[in-house]
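**Student:** Predicted model and sequence below, questions to follow.
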Amino acid sequence: MPQHRVGTQEEFEAAREELLAEEKELTRRNDELARKRRVLPWVPVEKEYSFETEAGTKSLAELFDGRSQLLIYHFMFGPPYEAGCPVCSSIADTIDPNAVHLAARDVTMLLVSRAPVEKLQAYEKRMGWGIEWVSAGGSDFNRDLGFTHTEEELRPFLEGEIPPIVKQYAESCGTDVAAYVAEGPGMSAYALSDGTVYRTYVTTARGLEPAMAYYGLLDRTPMGRNEGGDQPFWLRRHDEYETT
């Protein structure tokens, strides 16, 4: 544990009051951003996409499963992968138990990857999830959203110095670096109105942090995320942590 300033209860309460004012302002700002997110223009999805599911081939509209809203997590699991991305797996750990609550608010939540649906089902069984997971491997769905990249597009990255964590995760997925980084994580949202599907929101990178609940909790611990400097990147699949 690093050295840290020690103070009295009175000093703590005074500093906490100042911080609380900033936290409340951040909450109000986040509420305003959520409102602006909801009033973004809806874009009709005119391209026909097909998805392989446990129940057969479905269209994007059919994925709504009778609801008017659809939220998709684009999970990094490409056709050559033998296991899902560890980071995406940690996100699915958060999404899976929340799907039932989203359904109660007229939102269908599911995962989409490009690997064959049989691979996805086998990995889901290993992870113990119950959320719907479909394959978009036969369509340009992920590609059109910017979550699938060609080797040519990735060439500058692949010809540079590959970060150790990328090599580590590629190996843990049973594939090479080029195939691993060809996939990208993301989240996209849709509305179904009068038979037309509209895309309403897309995000990636740190925009996915609301689905990474452990970060919000770590941000409230004494050492925080503690990922800087020489610290090894700690995130693993939930069945790969060493028991302590």
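**Tutor:** Great, that's in hand. Numbers count the residues shown, from 1 in each chain.

**Student:** could you give me the average pLDDT of the longest helix anywhere in the chain?
**Tutor:** Using DSSP state H to define each element, the chain has its longest helix at helix 9-38. With pLDDT averaged residue by residue, helix 9-38 scores 97.

**Student:** just how off-centre is it within its chain?
**Tutor:** Centroid separation between helix 9-38 and its chain, computed with Cα atoms, centre = their mean, to the nearest Å, is 25 Å.

**Student:** which residues are contacting stretch 204-214?
**Tutor:** 73, 90-91, 94-95, 146-147, 184-187, 215-216 (Cβ atoms under 8 Å, 6 or more residues apart in numbering). (Each C-beta comes from the backbone N, C-alpha and C, glycine too.)

**Student:** Kindly recompute the last result at 6 Å.
**Tutor:** Contact with stretch 204-214 is made by 91, 94-95, 186-187, 215, as judged by Cβ atoms under 6 Å, 6 or more residues apart in numbering.

**Student:** which one of those residues has the most neighbours?
**Tutor:** Within the contacts of stretch 204-214, neighbour counts (other Cβ atoms under 10 Å) peak at Ile91, which reaches 24 neighbours.

**Student:** Just the buried residues of the strand or helix carrying that one, please?
**Tutor:** If you go by DSSP states H and E, Ile91 is part of helix 86-103. Within helix 86-103, the residues that qualify as buried are 86-93, 95-96, 99, counting by 16 or more other Cβ atoms under 10 Å.

**Student:** Just put those in JSON lines and tack on pLDDT and distance to Leu208.
**Tutor:** Shown next, in JSON lines, are the buried residues of helix 86-103 (pLDDT from 0 to 100; distance: Cβ to Cβ, whole Å):
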{"residue": "Pro86", "pLDDT": "97", "distance to Leu208": "14"}
{"residue": "Val87", "pLDDT": "97", "distance to Leu208": "9"}
{"residue": "Cys88", "pLDDT": "98", "distance to Leu208": "9"}
{"residue": "Ser89", "pLDDT": "98", "distance to Leu208": "13"}
{"residue": "Ser90", "pLDDT": "97", "distance to Leu208": "11"}
{"residue": "Ile91", "pLDDT": "98", "distance to Leu208": "7"}
{"residue": "Ala92", "pLDDT": "98", "distance to Leu208": "11"}
{"residue": "Asp93", "pLDDT": "98", "distance to Leu208": "13"}
{"residue": "Ile95", "pLDDT": "98", "distance to Leu208": "10"}
{"residue": "Asp96", "pLDDT": "98", "distance to Leu208": "15"}
{"residue": "Ala99", "pLDDT": "98", "distance to Leu208": "16"}
